[in-house]
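In: Pasting the sequence and the predicted model now:
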Amino acid sequence: MNRFANSAEAPDFDAPQIMRRTRRRRTMGIAALAAALIAVGGGTALATSVGGGSSSTPAATSTATDSDATTMLFLFSDGQTLPIEFEGWSLEWAKAYVEKTQTKLGTVTEKAVKGCKPGSVLGVSPHAPKTVKAGDTVNFTVCAG
């Protein structure tokens, strides 16, 4: 039995290489999941939850009234609701999201509010707790500058 003890080489594990490969696979998996969400239309929600917006000047919400609430509750056909927070979004982003939810853009009202970024959304109507479904009309109030 002793003559076989040193005949086979013990396996050599490269732990740092295994860790790098695992991290790389995990990163690629997360990137693939994010790409899939963007492809099916969840990209805007993903971008707003991760990025939070790239503007350095936030919309002034302290001077906005209760009638200018910025959260819209979108009602899906299966009965589920999705809250969409439009605060600080540019009007172009809001229009794109309105198209994505298959709602119609109504009136766009400009409101002069000190300290807000021109063109950013200050309010949406109808807003939460009312729900909006595909085909409904959505009105926006934006900062005039």
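Out: Received, thanks.

In: Next up, phi/psi of Leu122, please.
Out: Backbone torsions of Leu122, given as degrees, to the nearest 10, read phi -110, psi -20.

In: Would you mind giving the secondary structure of the nearest residue to it once chain neighbours are set aside?
Out: Spatial nearest neighbour of Leu122, excluding adjacent residues (C-beta to C-beta, 6 or more residues apart in numbering): Thr141 at 4.8 Å. For every residue, glycine as well, the C-beta is placed using N, CA and C. Here Thr141 is recorded as strand under DSSP: H, G, I helix; E, B strand; the rest coil.

In: now the helices: where do they sit in this protein?
Out: For the chain, the helices defined by DSSP state H occupy 15-40, 43-50, 91-100.

In: out of those, nearest to Asp78?
Out: helix 15-40 (15.9 Å; C-beta to C-beta).

In: where does the protein have low pLDDT?
Out: Along the chain, the parts satisfying pLDDT under 70 run over 1-11, 37, 41-68.

In: let's see 90
Out: 1-103, 105, 107, 109-123, 125-135, 141, 143-145 (pLDDT under 90).

In: In contact with the residue nearest to Leu122: list those residues for me.
Out: With contact taken as C-beta atoms under 8 Å, 6 or more residues apart in numbering, Thr141 is in contact with 68, 108-111, 121-125.

In: what about 6 Å?
Out: 68, 109, 111, 122-123 (C-beta atoms under 6 Å, 6 or more residues apart in numbering).
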